[in-house]
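> Got a predicted structure plus its sequence, pasted below:
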Amino acid sequence: MKEHLEYLQQIRSQFIDEDASNQDIIDRLALFIYGIQPNPWWQELPPRKDGVIKGVDCLLTSSETPVFFDDDARRIAIFYSTNSPFRVDAQGHVWLSEHKSDLSLSPFPYKRYLGPKYSYYLRSNRTNRYTRLVINPHRNCYARCKWCARTYQNHIPSHSRKQLDSIDSEFTSVISGSGITVDKHAIRILPQEVISPKEFVAYLLRDPHITSKTGDFSHLTEVAVLSGDFPKNQSAISYVVEICGLLKSANFAGSIYYAGHQIENENDMQLLRQVNSHIDFVYTIEHFTRRQELMPVKGKRTLDEIDEILKSANRIFGAQNVFYYYVAGIDPTQVVKENIIRFKDIAIPQVFVFTPYNLEHNELYHHSKLHNRLQQLLDIRAFILELYDKPIPGGSNRSLFPLGTG
């Protein structure tokens, strides 16, 4: 603890004379890695329903955060850690040891609406109008990436839905096969089926949170389709094209943001391009090394193959509309820099910070020491700022560029 505290205080002090707001950046990135020591007030907050490590969604405020920034832009996902040099008081102020930082946290029920078999949520457009719809065509993902939130299933025995539901609500945890206590809320049994586009869109049209006053999608400015990994007998491109057509027939006239790895050839890209005049195409690279080990499905594509996929996307959608997801913290820093340079002219990186969702994830970091993990993030962040001469926000609660600030 003392070592972590001294390091954090040292690197924070380096920025005071240059740009005090960078202190906030260090504190925010450190929270992703170190977590916080919970205040008793925080113990009442429900955990995020993802991994074994208990976390919570919060709104983040700081000295550099404009008050008009929307809720989603200020959202941050953190986890509890009794070993963290950070603690939060009853008012939500974040302290680094005995130093009160400029950060504060408040509980944030994420703008998410769930119905039976469906998963979707709204994001705002920074004017506090929730006009950006994010949909997951199915809540399952067949890729089984080892770094993902859903790998908490490695820690639990084979429970059926009936067995889970039979656990008395007074007892909020179960014991895994390896003896680890797992919060009951972290266990999800994912449905195997893929809901048809017609059924999905019909359900959305019945949700008053999603539709306009006229009962259609005319007010939405963007729909993001996060496809995950479709099973072998399902076509991702056919599904996305049909979804887009149904949205358009319900008066949606905004842009489409697609993120996935199964739309890869030019014919499929052309089909996607035809459904909307503006497409943001995001390919999920996520890691440069250990690809097949970490991603049994996605990792089958080599970086040379991905290079050709992104070049095709660049020709069809335009350079300014082609992106790729990357998760920083697992690959060596030099490898990250080399590949960001490699893809610079054909796709824009959206870099997320790797954070653990379960106890096995801690072993995936490239660096074993916490302060080295933070230093790596700062190095990669500084490199991207120099290479692009601007911050590249990832649109996530784990973005390497929180709030998009430099």
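Cool, the structure landed. Residues are numbered from 1 along each chain as shown.

> now the helices for the stretch 251-400 of the chain?
266-274, 291-294, 303-317, 333-342, 370-388 (DSSP state H, counting those that start in this stretch).

> can you redo those as JSON lines with distance to I237 and mean pLDDT?
In this view, the C-beta of every residue, glycine as well, is placed from N, C-alpha and C. Shown next, in JSON lines, are those (distance: least, CB to CB, whole Å; pLDDT from 0 to 100):
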{"stretch": "helix 266-274", "distance to I237": "4", "mean pLDDT": "95"}
{"stretch": "helix 291-294", "distance to I237": "23", "mean pLDDT": "93"}
{"stretch": "helix 303-317", "distance to I237": "13", "mean pLDDT": "97"}
{"stretch": "helix 333-342", "distance to I237": "26", "mean pLDDT": "98"}
{"stretch": "helix 370-388", "distance to I237": "30", "mean pLDDT": "93"}
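
> T211 against L205, yeah?
Yes: between T211 and L205 there is a contact at 6.0 Å, judged by CB atoms under 8 Å.

> Spit out the residues that contact those two alike.
Residues within reach of T211 and of L205 at once, by CB atoms under 8 Å, 6 or more residues apart in numbering, are F217.

> check contacts around E293.
146, 299.

> Confidence-wise, which helix or strand of the protein is lowest on average?
In the chain, the helix or strand scored least confidently by mean pLDDT, DSSP states H and E is helix 161-165, which has a mean of 51.

> isn't there a helix covering F79?
No: under DSSP: H, G, I helix; E, B strand; the rest coil, F79 falls outside any helix and is assigned strand.

> Confirm for me that it is in contact with H361.
No: F79 is beyond contact range of H361, at 10.7 Å (criterion: CB under 8 Å).

> where's Y121, which helix or strand?
strand 119-123 (DSSP states H and E).

> That strand packs against which elements?
strand 112-113, strand 132-136 (3 or more CB pairs under 8 Å, 6 or more residues apart in numbering; DSSP states H and E).

> Repeat the analysis, applying 10 Å as the threshold.
strand 112-113, strand 132-136, helix 197-205, strand 222-226 (3 or more CB pairs under 10 Å, 6 or more residues apart in numbering; DSSP states H and E).

> Figure out how far the third one is from the centre of its chain.
When you say that, I think you mean helix 197-205. 25 Å (CA atoms, centre = their mean, to the nearest Å).

> ok so, going back, rebuild the helices and strands packed on strand 119-123 as JSON lines, extending it with distance to L103.
Formatted as JSON lines, the helices and strands packed on strand 119-123 follow (distance: least, CB to CB, whole Å):
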{"stretch": "strand 112-113", "distance to L103": "24"}
{"stretch": "strand 132-136", "distance to L103": "26"}
{"stretch": "helix 197-205", "distance to L103": "36"}
{"stretch": "strand 222-226", "distance to L103": "28"}
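
> Which of those comes out lowest on mean pLDDT?
With a mean of 54, strand 112-113 has the lowest mean pLDDT of those.

> low-scoring stretches of the stretch 51-200 of the chain, by residue?
51-52, 109-118, 126, 128, 138-140, 142, 150-193 (pLDDT under 70).

> what about the strands in it?
In the stretch 51-200 of the chain, the strands defined using DSSP state E, counting those that start in this stretch lie at 55-61, 75-79, 86-88, 93-96, 99-107, 112-113, 119-123, 132-136, 173-175, 181-183.

> Let's have these in TSV, adding mean neighbour count.
As requested, these are arranged in TSV below (neighbours: other CB atoms under 10 Å):
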stretch	mean neighbour count
strand 55-61	21
strand 75-79	22
strand 86-88	21
strand 93-96	20
strand 99-107	16
strand 112-113	12
strand 119-123	20
strand 132-136	21
strand 173-175	15
strand 181-183	17
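
> CSV please, covering these and showing distance to Q334.
Shown next, in CSV, are these (distance: least, CB to CB, whole Å):
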stretch, distance to Q334
strand 55-61, 31
strand 75-79, 28
strand 86-88, 29
strand 93-96, 30
strand 99-107, 31
strand 112-113, 38
strand 119-123, 35
strand 132-136, 34
strand 173-175, 42
strand 181-183, 37
